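> pasting a predicted model and its sequence here:
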Amino acid sequence: MLVKSSEKVQSLEPANTAKSSGVVTSSKDSANNLWKNKIVAKQEQVQVLTNWSIRGALSQELAKVEQSEATIRNLFTGLERLAQQLNTQAANTKPQAMQQRGISSQITMLQNAASRKGSGLDAQLRTNDPSRPITRQLNANMDLISKRPHDENIQLLMGRSGKSLNLSLPANQDERANFSAVQSAFSQHQISVELSRENRLLFSAKKENAGPLLEPWVISGQGVRVAAGNPISLQLNDIDNPLNELAKIADKNASIQEHRDRIQNAQRHLKANLMKVQAKRQQLLAQLQQLDTASSLDNSEALTNLSSNAKQQMLSAGANSVSVIMAQANVTRNMVQYSLN
């Protein structure tokens, strides 16, 4: 009997062991499932926040583009009113003193509207673009490309940047060859050179290379263009936009026809930029629509709700709404880091 009892006890041990093993395996599976669920939840949170951040950036850019478009339309309308006033007079006449003051006043108002903070336009009446090269023009009194009867050797120091160059222009070399020589000399400093309609040299460089264009140059040399002796200081100037050119015409009280020509030139410039702005706006709207489509295909209810609320707030009237949403979007990284902890 004792032997049988012992056998019974021994026969129970494997069963207890199997049961214990099953409990451990079940616990591990539960832990793994919880961990997987947590990872999925975190991924959904990251997706929601990423979607929100992208939408905020697109909406902010859209608000800037729409402001640029509104400014351009206002400037175009102001020029149209001015043109209508001038159309009542003969083309070869000049404005009377009182009319001239009125014309100058209207142009000044347009200039202020274009240059005020938040207009959405740069100095050339184009949309603000930080990546656009900086451009300056050389003083009209300094001619570096016309043909001259003597060999010339010019040394140029570009401000505090320490950058310098030597320019050799042989006697009787034509303007095209001289211009190519100037382009080649400046290209060594990542500065491109073009000619304006008035045959003035325009110097352009990306923002990171534009330091030399923002400081006075010192030029010296031997020849007719730059006489031997004391160095000459040169200051590059901003390029006149069409409104500034119109203002100059008004200040010298030019003929009505000259006023009309400048107004038409300014309107053509504005219209060309308006077309670019409208194309950019359509592109941004399409990107927002694509974001909406992507969100609607996602199964996450939180993503759909957040995207809808974000769009409604960011596209509401007023710049403050965009600023608020962007401020929230700027903390996305911190929120993501927190959610992953």
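Alright, I've got the coordinates.
> can you list the domains in the chain?
For the chain, automatic domain parsing gives the domain ranges 41-125+241-341, 130-240.
> can you lay out those as CSV showing distance to residue 35, mean neighbour count and mean pLDDT?
C-beta: built from backbone N, CA, C; applies to glycine. Below are those laid out as CSV (distance: least, Cβ to Cβ, whole Å; neighbours: other Cβ atoms under 10 Å; pLDDT from 0 to 100):
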stretch, distance to residue 35, mean neighbour count, mean pLDDT
domain 41-125+241-341, 11, 16, 79
domain 130-240, 44, 15, 88
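> got the contact list for residue 263?
Neighbour list for residue 263: 79, 82, 83, 86, 246 [criterion: Cβ atoms under 8 Å, 6 or more residues apart in numbering].
> need the contact partners of the helix or strand harbouring the last one.
The reference is to residue 246. Assessed by DSSP states H and E, residue 246 sits inside helix 242-251. Contact with helix 242-251 is made by 75, 100, 103-104, 107-108, 110-111, 114, 125, 240, 258-259, 262-263, 265-266, 269-270, as judged by Cβ under 8 Å, 6+ apart.
> which parts of the stretch 201-341 of the chain are helices?
For the stretch 201-341 of the chain, the helices defined by DSSP state H, counting those that start in this stretch occupy 242-251, 256-296, 301-314, 319-329, 332-340.
> same thing with the stretch 51-200 of the chain?
Taking DSSP H, counting those that start in this stretch, the helices of the stretch 51-200 of the chain run over residues 97-115, 175-187.
> work out the gap between the longest one and the centre of the chain.
It refers to helix 97-115. In terms of Cα atoms, centre = their mean, to the nearest Å, the centre of helix 97-115 is set 29 Å apart from its chain centre.
> now for it, which elements pack on it?
The contact analysis (3 or more Cβ pairs under 8 Å, 6 or more residues apart in numbering; DSSP states H and E) places helix 97-115 against helix 2-86, helix 242-251.
> quick check: angle from the shortest one to helix 256-296?
What that stands for is helix 242-251. Angle, helix 242-251 to helix 256-296, by axes from the mean of the first three to the mean of the last three Cα atoms, to 10 degrees: 160 degrees.
> helix 242-251: how far from the chain's middle?
Centroid separation for helix 242-251 versus its chain: 27 Å, with Cα atoms, centre = their mean.
> got the angle for it vs helix 97-115?
Using the same axes, to 10 degrees: helix 242-251 against helix 97-115 is 160 degrees.
> dump helix 242-251 to CSV, restricted to CA.
Only the C-alpha atoms of helix 242-251 are listed here, as CSV (Å, rounded to 0.1, in the frame of the first residue of the first chain):
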residue,chain,number,x,y,z
PRO,A,242,8.3,99.2,-60.8
LEU,A,243,6.6,101.3,-58.1
ASN,A,244,9.9,103.1,-57.4
GLU,A,245,10.5,103.7,-61.1
LEU,A,246,7.0,105.2,-61.3
ALA,A,247,7.8,107.4,-58.3
LYS,A,248,10.9,108.8,-60.0
ILE,A,249,8.8,109.6,-63.1
ALA,A,250,6.3,111.5,-60.9
ASP,A,251,9.0,113.4,-59.0
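> can you name the residues that contact residue 230?
Applying Cβ under 8 Å, 6+ apart to residue 230 gives the contacts residue 220.
> what distance do you get for it to residue 220?
Separation of residue 230 from residue 220 (Cβ to Cβ, to the nearest Å) stands at 8 Å.
> okay, the residue positioned nearest the centre of the chain: pLDDT?
For the chain, the residue sitting closest to the mean C-alpha position, by Cα atoms, centre = their mean, is residue 129 at 2.0 Å. We have a pLDDT of 84 for residue 129.
> hmm, it is touching residue 68, no?
No. Applying Cβ atoms under 8 Å, one finds residue 129 not in contact with residue 68, separated by 10.3 Å.
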